[in-house]
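S.K.: got a predicted structure plus its sequence, pasted below:
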Amino acid sequence: MNIYKPLANRYDAIKYKRCGNSGILLPQVSLGLWHNFGDVDLFENSQEIIFRAFDMGITHFDLANNYGPPPGSAEENFCKILKKHLAPYRDELIISSKAGYYMWPGPYGEWGSKKYLIASLDQSLQRMGLDYVDIFYSHRPDPVTPLEETMGALAQIVRQGKALYVGLSNYDAETTRRATEILNSMNTPCLIHQPRYSMLDRWVEDSLLDVLEEKGIGCICFSPLAQGLLTDKYLKNIPGNSRAAKPHGFLQKTTITPELRKKVFKLNTVAVRRGQSLAQMALAWILKDDRVTSVLIGASSVGQLENSLKCLNNTTFASEELDDIEKILAV
Ligand SMILES: NC(=O)c1ccc[n+]([C@@H]2O[C@H](COP(=O)([O-])OP(=O)(O)OC[C@H]3O[C@@H](n4cnc5c(N)ncnc54)[C@H](OP(=O)(O)O)[C@@H]3O)[C@@H](O)[C@H]2O)c1
């Protein structure tokens, strides 16, 4: 064991916000391990990113059973870092995991049955070397399994002490409302919702954010940089080490069309006027909404993490800036 010595002033660097009506404060920027923490990635780099995040006051690390690749390897790599270097700080961390997507063959390896959720969390705990996770999510709604069964599994997991809190991810507004009511009837409040939200994908604005506010549920927005599209990295070309250039993952080179580049170029001009990087402006733009608790970012380097975190230096927008952004996004 070689215990990491974090910066003593780490909690001065970042802002924390209450997650819905709960007792939990989350950092306004949290770190996700979907990409850059699998066995295909350089372990030393992953470790440096975690250490730097912790040093900068990031207390929340988000995982899922299928993060890698290969699936499960992000949880295993996180365990190696945690066990060897961060074990004494477990009580300073909010660690989440999820189940919902494909993990193993046969009828019990994905979606939302009690059988799958309970087994998957047991596997995640084993991979991470933990007794419990702080938050466990149903990763996606299951169109076939009764909502009562999926929510019943979440409530059971909390009763068993395997998770302290539960959350929903990728649930639409109406299903979120119903799921929350079922959870409440089982005395297991829903802590948080994890939807995709960025300048390029604004579905949550229709009604989900209102439901979350009404029900006192926190909101942590994933892919707030649209997987890197809302940064300056693709303005000229597709860098060889970028997510779009990698063989795994969902960001395709074909997504980066000349029209999108034009839009991003214009957004970048607004960001420069504000004295921010485009990444910082894209994150600040989400955080300006009081209903949002945290932005859940990814990073492939310590430099990116440091750059993104500086979004907190300015999360307010002049109305002309907001108008300019709306006009650019509308095209
Ligand atoms: N619940 C769900 O269904 C779900 C789905 C997806 C993600 N998530 C969660 O959300 C987390 C974040 O997702 P994401 O990785 O797609 O988030 P993101 O923040 O939108 O994208 C991260 C990528 O953007 C680039 N980047 C980050 N900061 C940058 C900066 N300052 N300057 C230039 N480029 C920068 C990097 O790309 P390069 O790698 O190309 O350098 C990085 O890998 C995941 O790790 C996961 O925890 C949840």
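M.R.: It's in.

S.K.: touching, Tyr137 and Asn170? I think so.
M.R.: No. Contact criterion Cβ atoms under 8 Å: Tyr137 and Asn170 do not qualify, at 9.2 Å. Every C-beta, even on glycine, is put in place using the N, C-alpha and C of the backbone.

S.K.: from the ligand, how far off is Ala173?
M.R.: 16 Å (Cβ to the nearest ligand atom, to the nearest Å).

S.K.: go on, Glu174?
M.R.: 19 Å.

S.K.: then Pro71?
M.R.: As judged by Cβ to the nearest ligand atom, Pro71 and the ligand stand 14 Å apart.

S.K.: begin at 39, not 1, for the rest of this chat.
M.R.: That works, and once the first residue is 39, the last one we named lands at Pro109.

S.K.: okay, now the residue nearest to that residue when sequence neighbours are not counted: neighbour count?
M.R.: Nearest residue to Pro109 in three dimensions, chain neighbours excluded: Met141, at 6.2 Å (Cβ to Cβ, 6 or more residues apart in numbering). Around Met141 sit 19 other residues, with neighbours defined as other Cβ atoms under 10 Å.

S.K.: among Tyr175 and Asn208, which residue is more densely surrounded?
M.R.: Tyr175 (29 against 19).

S.K.: list the contacts of Thr354.
M.R.: Lys326 (Cβ atoms under 8 Å, 6 or more residues apart in numbering).

S.K.: returning to that earlier point: overlap in contacts of Tyr175 and Asn208?
M.R.: Contacts common to Tyr175 and Asn208, judged by Cβ under 8 Å, 6+ apart, are 138, 232.

S.K.: ok, Gly106 - contacts?
M.R.: Applying Cβ under 8 Å, 6+ apart to Gly106 gives the contacts 76-78, 112.

S.K.: can you list the residues of the stretch 139-288 of the chain near the ligand?
M.R.: 177, 207-208, 232, 260-266, 269, 271, 280-281 (Cβ under 6 Å from any ligand atom).

S.K.: from the contacts of Gly106, which is closest to Asn351?
M.R.: Closest approach to Asn351 among the contacts of Gly106 (Cβ to Cβ): Ala112, at 29.6 Å.

S.K.: which of the three states applies to Asp172?
M.R.: strand (DSSP: H, G, I helix; E, B strand; the rest coil).

S.K.: that one is in contact with Leu131, isn't it?
M.R.: Yes. Between Asp172 and Leu131 there is a contact under Cβ under 8 Å: 7.4 Å.

S.K.: these two: which has the busier surroundings?
M.R.: Under the criterion of other Cβ under 10 Å, the comparison of Asp172 against Leu131 puts Asp172 first, with 19 against 14.

S.K.: quick check: closest non-adjacent residue to that one.
M.R.: Ile132 (4.4 Å).

S.K.: ok, longest helix in this protein?
M.R.: Looking across the chain with DSSP state H, the single longest helix is helix 296-312.

S.K.: could I get the buried residue list for that one?
M.R.: 301-302, 304-306, 308-309, 312 (16 or more other Cβ atoms under 10 Å).

S.K.: stretch 222-233 too?
M.R.: Residues 226-233 are the ones in stretch 222-233 that count as buried (16+ other Cβ under 10 Å).

S.K.: just the closest of those residues to Thr331, please.
M.R.: Ile230 (7.1 Å).

S.K.: which parts of the stretch 189-338 of the chain are strands?
M.R.: Secondary structure of the stretch 189-338 of the chain (DSSP state E, counting those that start in this stretch): strands at 201-207, 228-232, 256-260, 332-335.
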